[in-house]
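> Pasting a predicted model and its sequence here:
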Amino acid sequence: MVLINEKDTAADAMGKNYAERLQRRLPDWWVMYSLRDRALVAFYAGHCAPGGIWVAAEHPDELLRRMSDAVQAQWRSQAAYDLRNRPLAHQEVGRFC
C-alpha cells in the first residue's frame, strides 16, 4: 500500500510505488523510498552478505544495476577469500591417504 500525505510530491508517490513494486518482485531484498533523500533504498541480508548490502539510487533502473553490482562484488570477495583460505591440493590429498 502506498501512503501519500499532503507534503508528498508526485515524484514521491511514484518513488513509493516503485519501491512497493520492487519489493514484490525481489522478496530477498527490503526496498523502501526515502522521503528525506528522495531516493529508493534497498537492503539485502542474505547468506552471501554477512554484513548486509545497502544500495540507494534515484531511479529504479539505476537501483537494480547497483543491486546487481553489489551482489556480484560480494560474491567475488567471498570467492577470493575462499581461495586464499583453502588448503592446497597436495594437503587435501595427504589428509585422505
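Here it is on my side, so go on.

> This protein: strands as residue ranges?
29-34, 39-44, 53-57 (DSSP state E).

> any chance of those in TSV, with distance to Q72 too?
Every residue, glycine included, has its C-beta placed from N, CA and C. Formatted as TSV, these follow (distance: least, C-beta to C-beta, whole Å):
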stretch	distance to Q72
strand 29-34	15
strand 39-44	12
strand 53-57	11
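
> Among these, single out whichever gets nearest to L22.
L22 lies closest to strand 29-34 among the strands of the chain, at 4.5 Å (C-beta to C-beta).

> can you list contacts of that closest one?
12, 15-16, 18-19, 22-23, 39-45, 56, 67 (C-beta atoms under 8 Å, 6 or more residues apart in numbering).

> Adding distance to A73, mean neighbour count and mean pLDDT as columns, could you present the strands of the chain in TSV?
What follows is the strands of the chain, written out as TSV (distance: least, C-beta to C-beta, whole Å; neighbours: other C-beta atoms under 10 Å; pLDDT from 0 to 100):
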stretch	distance to A73	mean neighbour count	mean pLDDT
strand 29-34	16	18	88
strand 39-44	12	19	89
strand 53-57	9	17	90
